[in-house]
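Enquirer: With the sequence up front, the predicted model follows.
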Amino acid sequence: MKAIPLLFIAITSFLIGETAVSNGYEPGDKATDFKLKSVDGKNYSMSDYKDAKGFIVVFTCNTCPFAVKYQDRVNDLAKKYKSKGYVLLAINPNDPAVQPDDTFEKMQAKAKAEGFAFPYLVDEGQQIYPQYGATKTPHVFLLDKNLIVKYIGAIDDNVDDANAVQVRYLENAIAALENGREPSPEITKAIGCSIKAKKKA
């Protein structure tokens, strides 16, 4: 067996390694609503959607290669589940001072170029992602209509190839809710880039 270069191991561990224990939500917790600005200049909160059956909250960004690979799938999910009563809200948690390609203006350009069918929100001041316990982009949280967290983790089991997906974790979790059951699994490992935050002094 050929030796794997240590640099590759280090980079891979940084991008997709196990995250540190979070103080965020766990399945069964009630999420706090938020009010965040979207690329259309409007503010959005979950309370705006009185008739929603649930919410798909996706922490994502412009720049992470993993987020880019999932952006079409996220868009498709937003379109598919809107008619079923589920609202997808995407939140960019990255600090643009750390990742300059995640500025609000570049978020607007990305949303327009890709035809995003969902509100693309900015977590100004990075107040929301720590509440949820998001650590990666992308990182998904499925909430029911009462904002109870039902599923946390990955969208599916294949980052690289949407056509080779075997387990659709998020869609299976939604199907469980539709059938009055608890999702299983309730948590999977989010695969992606670390959220870019300013270092604390």
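Expert: On my side now, so go ahead.
Enquirer: This protein: helices as residue ranges?
Expert: With DSSP state H as the criterion, the chain has helices at 6-16, 65-82, 104-114, 128-132, 169-178.
Enquirer: Nearest to residue 30 among those would be which one?
Expert: Nearest to residue 30, of all the helices of the chain, is helix 128-132, at 11.5 Å by CB to CB. To be clear about C-beta, it is placed using only N, CA and C from the backbone, and glycine gets the same treatment.
Enquirer: now for stretch 150-163, what's the gap between its first and last residues?
Expert: One end of stretch 150-163 to the other measures 26 Å (CA to CA, to the nearest Å).
Enquirer: these two touch, right, residue 39 and residue 108?
Expert: Yes - contact criterion CB atoms under 8 Å: residue 39 and residue 108 qualify, at 4.4 Å.
Enquirer: For the two, indicate the residue with more neighbours.
Expert: Comparing residue 39 with residue 108 by other CB atoms under 10 Å, the one with more neighbours is residue 39, at 21 against 16.
Enquirer: so what's the more buried one up against?
Expert: By CB atoms under 8 Å, 6 or more residues apart in numbering, the contact list for residue 39 reads 104, 107, 108, 111, 112, 116, 119, 120, 122.
Enquirer: Those residues, buried ones only, as a PyMOL selection?
Expert: Here is the PyMOL command that picks out the buried ones among those, judged by 16 or more other CB atoms under 10 Å:
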select buried, resi 104+107+108+111+116+119+120+122
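Enquirer: now the helices of the chain as CSV including mean pLDDT and distance to residue 145?
Expert: Formatted as CSV, the helices of the chain follow (pLDDT from 0 to 100; distance: least, CB to CB, whole Å):
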stretch, mean pLDDT, distance to residue 145
helix 6-16, 37, 32
helix 65-82, 98, 13
helix 104-114, 98, 26
helix 128-132, 97, 18
helix 169-178, 98, 9
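Enquirer: looking at those, which is closest to residue 52?
Expert: helix 65-82 (9.8 Å).
Enquirer: what packs against the closest one?
Expert: strand 54-59, strand 86-92, helix 104-114, strand 136-137, helix 169-178, strand 193-194 (3 or more CB pairs under 8 Å, 6 or more residues apart in numbering; DSSP states H and E).
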